[in-house]
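J.: mind folding the following:
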Amino acid sequence: MPRLIGAAQAVTTDTQAEQITTFTSSGTLTTQPRTTSLQYLVVAGGGAGGDTGGGGGAGGFRTSVPGATSGGGASAESTTPVSGGAPYPVTVGAGSAEVNRGTYGTGSNSVLGTPSPITSNGGGGGGHRFSYVVGGDPLGQPGGCGGGHGSNDPVVPEGTDGTSGQGYGGGAKLVGTNAAPGGGGAGAAGSSTATPSPSNVGYGGAGGNGVASSITGSSVTYAGGGGGGSSPSPTVASGGSGGGGNGAGYGTAAVAGTVNKGGGGGGGANDGNPAGAAGGSGIVVTKEVAVSFTSASTMWDLRTVYRQIKADEWI
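T.: Numbering: from 1, shown residues only. The predicted structure is shown next:
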């Protein structure tokens, strides 16, 4: 009777576990051996608020988690292909530091350096009131999310722009106020200023809200815009959900954007607290989904198989 020479072959099914990796500073991602694609969240650093000016724009927000929403109302992107066991550089963008009058504070980009790099743009800096100072400019700056304009005339009726698929722009400045609009967030544009009575008092606009992500297993909101400065008023314009800093009011300093959420910094006020606040740093999170695979404990070489078949010993 034919018989098998050598060890019996055992076939087993195994699983490569899900792996979530969070980067709060720059580093290197090394994928697991059987990973072929990544889900990701890439949030850039937030912009700083302007000196007596607009709220800083949040860092750009991009994600590929199925069913989730990217910034600016966009759908989730496609997962990015990778090679198992390969290293990929990760850059976590810094938030802009607090800036002086006439200097913009735009956040830094965050990058997931796969074969097709995923880049989120830094948030735009808020505009400044005193455009007559050398280098000063009342216009907020575009970015992943746009910064709010400064509280200076001439009036700028339009808000700033965010980056498509990453975030919204900052708000517009209304006529006759000394206040500034909020910076844009990943989930909504910054609000325009409000004018109560008397008309020379201005309430700063709120920062735009961010977007929630559950890539880590818990829902966390990122990329909120900074509130604009209120002048001359004690009323504080709130930062957007997801780490946006509050704007300044008379007697209250602007608040920085939240670290590792990409929040925009609050804008400074016309009286007492002119300095805009710093933006918050970004974050990069990757998810490798679980993979099932089949393996054999032993293998036969072709020469052995041939000999056993020829001898009628292969079954």
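
J.: make it CA atoms for all contacts and neighbour counts henceforth
T.: Will do.

J.: show me where pLDDT drops low in this structure?
T.: 1-11, 102, 130-137, 152-157, 175-176, 195-201, 294-301, 304-306, 313-315 (pLDDT under 70).

J.: can you show me the helices along it?
T.: Here the chain has its helices, by DSSP state H, at 302-310.

J.: contacts only, for the residue nearest the centre of it.
T.: For the chain, the residue nearest the mean C-alpha position is residue 43 (1.8 Å; C-alpha atoms, centre = their mean). Contacts here follow C-alpha atoms under 8 Å, 6 or more residues apart in numbering; on that basis residue 43 touches 59-62, 92-93, 110, 120, 222-223, 261-262, 282-284.

J.: bridging residues for it?
T.: residue 61, residue 283 (DSSP bridges).

J.: quick one: it from residue 139, how far?
T.: Distance, residue 43 to residue 139, by C-alpha to C-alpha, to the nearest Å: 24 Å.

J.: ok, of the contacts of residue 43, which one's closest to residue 80?
T.: Among the contacts of residue 43, residue 62 lies closest to residue 80 (C-alpha to C-alpha), at 12.2 Å.

J.: ok, now how distant is the residue nearest to the centre of the chain from residue 291?
T.: 27 Å.

J.: same check, this time on residue 20
T.: 14 Å.

J.: same deal with residue 144?
T.: 34 Å.

J.: looking at the two, which is more packed in?
T.: Counted by other C-alpha atoms under 10 Å, residue 144 and residue 291 do not tie: residue 144 has more neighbours, with 41 against 13.

J.: got the contact list for that one?
T.: 44, 57-61, 120-124, 162-163, 166-168.

J.: again, 6 Å this time
T.: If a contact means C-alpha atoms under 6 Å, 6 or more residues apart in numbering, then residue 144 has 59-60, 121-123, 162-163, 166-167 as its contacts.

J.: one step back: out of the contacts of residue 43, who's nearest residue 203?
T.: Nearest to residue 203 among the contacts of residue 43, with distances taken as C-alpha to C-alpha, is residue 223, at 22.6 Å.

J.: isn't the closest one right up against residue 186?
T.: Yes: taking contacts as C-alpha atoms under 6 Å, residue 223 lies within contact range of residue 186: 5.5 Å.

J.: now for the two: what residues contact both?
T.: residue 210.

J.: gap between the residue nearest to the centre of the chain and residue 91?
T.: From residue 43 to residue 91 the distance is 10 Å (C-alpha to C-alpha).

J.: what's the first-to-last distance across stretch 50-67?
T.: End to end - C-alpha to C-alpha - stretch 50-67 spans 36 Å.

J.: what comes up buried for it?
T.: Residues 50-65 are the ones in stretch 50-67 that count as buried (16 or more other C-alpha atoms under 10 Å).

J.: could you identify the most distant pair in those?
T.: Largest pairwise distance in these, by C-alpha to C-alpha, is 38.7 Å, between 52 and 65.

J.: quick one, strands of the stretch 101-250 of the chain?
T.: 110-112, 118-120, 211-213, 220-222 (DSSP state E, counting those that start in this stretch).

J.: which outside residues touch stretch 180-195?
T.: Outside stretch 180-195, the residues touching it (C-alpha under 6 Å, 6+ apart) are 53-58, 71-72, 145-148, 150-151, 167-174, 202-211, 223-229.

J.: also stretch 237-249?
T.: For stretch 237-249, using C-alpha under 6 Å, 6+ apart, the contacting residues are 204-210, 221-230, 233-236, 254-258, 261, 263-269.

J.: what lies in contact with stretch 202-214?
T.: Residues outside stretch 202-214 that contact it (C-alpha under 6 Å, 6+ apart) are 177-195, 219-231, 237-242.

J.: now a ChimeraX select for only the buried ones of these.
T.: In ChimeraX, this line selects whichever of these come out buried by 16+ other C-alpha under 10 Å:
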select :177,178,179,180,181,182,183,184,185,186,187,188,189,190,191,192,193,194,195,221,222,223,224,225,226,227,228,229,230,231,237,238,239,240,241,242
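
J.: identify the residues contacting the residue nearest to residue 18 when sequence neighbours are not counted.
T.: Nearest residue to residue 18 in three dimensions, chain neighbours excluded: residue 290, at 4.2 Å (C-alpha to C-alpha, 6 or more residues apart in numbering). Going by C-alpha under 6 Å, 6+ apart, residue 290 touches 16-18.

J.: how much space between the residue nearest to the centre of the chain and residue 262?
T.: Per C-alpha to C-alpha, residue 43 is found 6 Å from residue 262.

J.: can you check residue 66 too?
T.: 22 Å.

J.: then residue 170?
T.: When residue 170 is compared with residue 262 (using C-alpha to C-alpha), they lie 15 Å apart.

J.: how far off centre is stretch 89-105?
T.: In terms of C-alpha atoms, centre = their mean, to the nearest Å, the centre of stretch 89-105 is set 14 Å apart from its chain centre.
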